[in-house]
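Asker: Just need the structure, nothing else, for what follows:
(one chain, ligands or ions: 2)
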Amino acid sequence: MSKYFPNVPNIEYAGPKNRDKFTFKYYNPDEVILGKSMREQLKFSMSYWHTLVAGGTDMFGRDTINKNYGYTDVEAHTVAKAEAGFELMNKLDIDYYCFHDVDIAAEGETLSESFKRLDNITLVLKDLQKEHNKKVLWGTSNLFSNPRYMNGAGTSPSFDVFAYAAAELKKAIEITVELGGSGYVFWGGREGYETLLNTDMGREIEHMAILMRLVVDYARKIGFTGDFYIEPKPKEPMKHQYDFDAATSLNFLRQYDLLGDFKLNIEANHATLAGHSFQHELRVAAINGAFGSVDANQGDLLLGWDTDQFPTNVYDTTLAVLEIIRAGGFTNGGLNFDAKTRRSSSSPEDIFLAYIAGMDSFALGLRLAAKIIEDGFLDEFVKERYSSWDADLGAKTEAGNVSLEDLADYAAANEEPVPSSGRQEYLESTLNQIMFS
Ligand code: XUL
Ligand code: CO
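Answerer: Residues are numbered from 1 along each chain as shown. Ligands and ions are numbered 1, 2, ... in the order given. Next up, the predicted model:
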């Protein structure tokens, strides 16, 4: 099938010395690394919205890339877009995709028209999935673009808007189940505020929890066995969003007893917008048993907004893969490229080149993370750094078997404690040595 991208061949692994632009240099899908194929370790996924829908429009200019796929009629275009997506996944050897309801079928004039369009395209997607052996990583509902959601969806001050959002969520979860999706994402696009002067924050957050509980209960009732995810983001579009970062989202999930059904979908560019590193957000999710999925991209520190660029920073991909592997790897989740080409990368070929760049950067990250794990130096250093907790009173303290008096007696009987060096620079240079040797 080479109907929509005739200039692009199937992308195959050719090794790091190859200079053909349409090859993988590091991603060799069936090569086994750390006990699993690269394909299983990385579980790459295509984002329907950036890849098949977005045309490059920004605040200052209109589309630079044509995503009509040869059709202007809504129905024909909807099907062509899906076919183009499967051609792209086939050529890049990507097994999964993620979508918002409005990506797969444009919203109609009424709820019933929108739902009819969704039903039609779901049948098409189901067939395409079967024919090409592709799966849905997660589905979601776009509850932020339509003007009705300008004050939020689940957190809207209007009950009617809340109910409308519930209807859209019900349909989106039905489609996700129908397509066999293994996840469902809540990204709180406008679930936050512009000013506290007009906002009842406590009530809004409570409403969001009610809506999530209703969706979970309904989804389980209709047979959804996958994971729900919150995708934290601190701001943009709103000045403040309630799912600010991993820690804030976990607090919400715990408070409303939703942690049994939810994990986190960590996006690199959202992490940096929150003033954290990608690695930090992955670690917070992991130590709370809530690591679920990843939206892979990167921001530009000089721009400071959600540029959703394809990830090419190999230090970041390496440290991210290290966190993912230490968290036990992906189960229902995967690595979704929530990434778009820059506005001036304006040809269809650029989309393939961007995916190759992102996939190769994570593949190289996986190879380097494996080197770091196999080398063992970092693990050994951290183990040694905490070794005073491994025996005697340290171990008893961790086990909860000491009193404050025991600790005071111990401190009094000992000399002034001498903290040991954290050796940051030495660790950073040794990391370079491991990565580049
Ligand atoms: C927006 C973003 C979304 C979510 C899904 O910043 O990341 O595309 O991933 O709604
Ligand atoms: Co995202």
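
Asker: from the stretch 1-150 of the chain, which residue is nearest to ligand 2?
Answerer: Across the stretch 1-150 of the chain, no residue is closer to ligand 2 than Ser47, which sits at 7.7 Å (CB to the ion). For the C-beta atoms, the positions are set from N, CA and C on the backbone; glycine is no exception.

Asker: Okay, buried residues for the host helix or strand of Lys130 please.
Answerer: Assessed by DSSP states H and E, Lys130 sits inside helix 111-132. Neighbour counts over helix 111-132 (16 or more other CB atoms under 10 Å) mark 114-115, 117-118, 121-122, 124-125, 128-129 as buried.

Asker: Spell out the residue ranges of the helices in the stretch 1-150 of the chain.
Answerer: 38-42, 48, 74-92, 101-104, 111-132 (DSSP state H, counting those that start in this stretch).

Asker: TSV please, covering these and showing distance to ligand 1 and mean pLDDT.
Answerer: TSV is the format used below for the helices of the stretch 1-150 of the chain (distance: least, CB to the nearest ligand atom, whole Å; pLDDT from 0 to 100):
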stretch	distance to ligand 1	mean pLDDT
helix 38-42	18	98
helix 48	10	99
helix 74-92	16	98
helix 101-104	10	98
helix 111-132	16	98
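
Asker: I'd like these as CSV, with distance to Val185 appended.
Answerer: As requested, these are exported to CSV (distance: least, CB to CB, whole Å):
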stretch, distance to Val185
helix 38-42, 19
helix 48, 12
helix 74-92, 18
helix 101-104, 12
helix 111-132, 17
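
Asker: gap between the two ends of stretch 219-233?
Answerer: 24 Å (CA to CA, to the nearest Å).

Asker: Measure how far that stretch is from the centre of its chain, please.
Answerer: Chain-centre distance of stretch 219-233: 14 Å, with CA atoms, centre = their mean, to the nearest Å.

Asker: got it, and stretch 83-99?
Answerer: Distance, centroid of stretch 83-99 to centroid of chain: 17 Å (CA atoms, centre = their mean).

Asker: what do you get for stretch 235-249?
Answerer: 15 Å.

Asker: same question for that stretch, mean pLDDT?
Answerer: Taken as a whole, stretch 235-249 has an average pLDDT of 98.

Asker: just to revisit the earlier point, of the helices of the stretch 1-150 of the chain, which is nearest Glu323?
Answerer: helix 38-42 (13.0 Å; CB to CB).

Asker: Can you name every helix or strand that the closest one contacts?
Answerer: Helices and strands touching helix 38-42, as assessed by 3 or more CB pairs under 8 Å, 6 or more residues apart in numbering; DSSP states H and E, comprise helix 348-375.

Asker: tilt between the helix it packs on and helix 74-92?
Answerer: 40 degrees (axes from the mean of the first three to the mean of the last three CA atoms, to 10 degrees).

Asker: relative to helix 348-375, how tilted is the helix or strand following helix 348-375?
Answerer: Downstream of helix 348-375, the next assigned helix or strand under DSSP H and E is helix 377-385. For helix 377-385 against helix 348-375, the angle by the same axes, to 10 degrees is 50 degrees.

Asker: oh, and call the first residue 30 from now on, that's how I've got it
Answerer: Understood, numbering begins at 30; the last thing we discussed is helix 406-414.

Asker: The residue of the stretch 30-179 of the chain closest to ligand 2 contacts Gly363, doesn't it?
Answerer: No - applying CB atoms under 8 Å as the test, Ser76 and Gly363 come out as separate, 11.5 Å apart.

Asker: okay, Glu444: pLDDT?
Answerer: 87.

Asker: repeat for Gly333
Answerer: As predicted, Gly333 sits at a pLDDT of 89.

Asker: Name the nearest residue to it, ignoring sequence neighbours.
Answerer: Leu302 (7.8 Å; CB to CB, 6 or more residues apart in numbering).

Asker: dump the residue contacts of the closest residue to Ala349 other than its chain neighbours.
Answerer: Nearest residue to Ala349 in three dimensions, chain neighbours excluded: Phe307, at 5.3 Å (CB to CB, 6+ apart). Contacts for Phe307 (CB atoms under 8 Å, 6 or more residues apart in numbering) come out as 295, 297, 300-301, 345, 348-349.

Asker: now Phe307: how far from Met267?
Answerer: Note on Phe307: its distance to Met267, by CB to CB, to the nearest Å, is 22 Å.

Asker: State the helix or strand in which the residue lying closest to Arg355 once chain neighbours are set aside lies.
Answerer: The shortest distance from Arg355 to any non-neighbouring residue, by CB to CB, 6+ apart, is to Ala315 (6.7 Å). Using DSSP H and E, Ala315 maps to helix 307-316.

Asker: Setting the sequence-adjacent residues aside, check what's closest to the closest residue to ligand 1 within the stretch 180-329 of the chain.
Answerer: Taking CB to the nearest ligand atom, ligand 1 has its nearest neighbour within the stretch 180-329 of the chain at Trp216, 3.5 Å off. Using CB to CB, 6+ apart and skipping the chain neighbours, the partner closest in space to Trp216 is Glu260 (4.1 Å).

Asker: so who does the one you found touch?
Answerer: Counting by CB under 8 Å, 6+ apart, Glu260 touches 214-217, 272, 293-296, 299, 324.

Asker: same question, Gly363
Answerer: 71-74, 125, 166, 322-323.

Asker: Just the buried ones out of those, please.
Answerer: 71-74, 125, 166, 322-323.

Asker: Looking at the residues you listed, which are in strands?
Answerer: Counting by DSSP state E, the buried ones among the contacts of Gly363 place 73-74, 125, 166, 322-323 in strands.

Asker: so after the helix or strand hosting Ala437, what's the next helix or strand?
Answerer: Per DSSP H and E, Ala437 falls inside helix 433-442. Past helix 433-442, further along toward the C-terminus, the next helix or strand under DSSP H and E is helix 453-465.

Asker: can you pick the most crowded of the contacts of Phe307?
Answerer: Ile295 (34 neighbours; other CB atoms under 10 Å).

Asker: Could you show which parts of this protein are in contact with ligand 2?
Answerer: By CB under 5 Å from the ion, the residues of the chain that approach ligand 2 are 296, 324, 367.

Asker: how many other residues sit next to the last one?
Answerer: In other words, Asp367. Residues near Asp367, counting by other CB under 10 Å, number 24.

Asker: again with the first one
Answerer: Other residues within reach of Glu296, judged by other CB under 10 Å, total 26.

Asker: Now for the nearest residue to it once chain neighbours are set aside: which residues touch it?
Answerer: Closest residue to Glu296 apart from its sequence neighbours, by CB to CB, 6+ apart: Asp324 at 3.5 Å. Asp324 makes contacts with 76, 260, 294-299, 365, 367, as judged by CB under 8 Å, 6+ apart.

Asker: again, but for Glu160
Answerer: Residues near Glu160 by CB under 8 Å, 6+ apart: Phe115.
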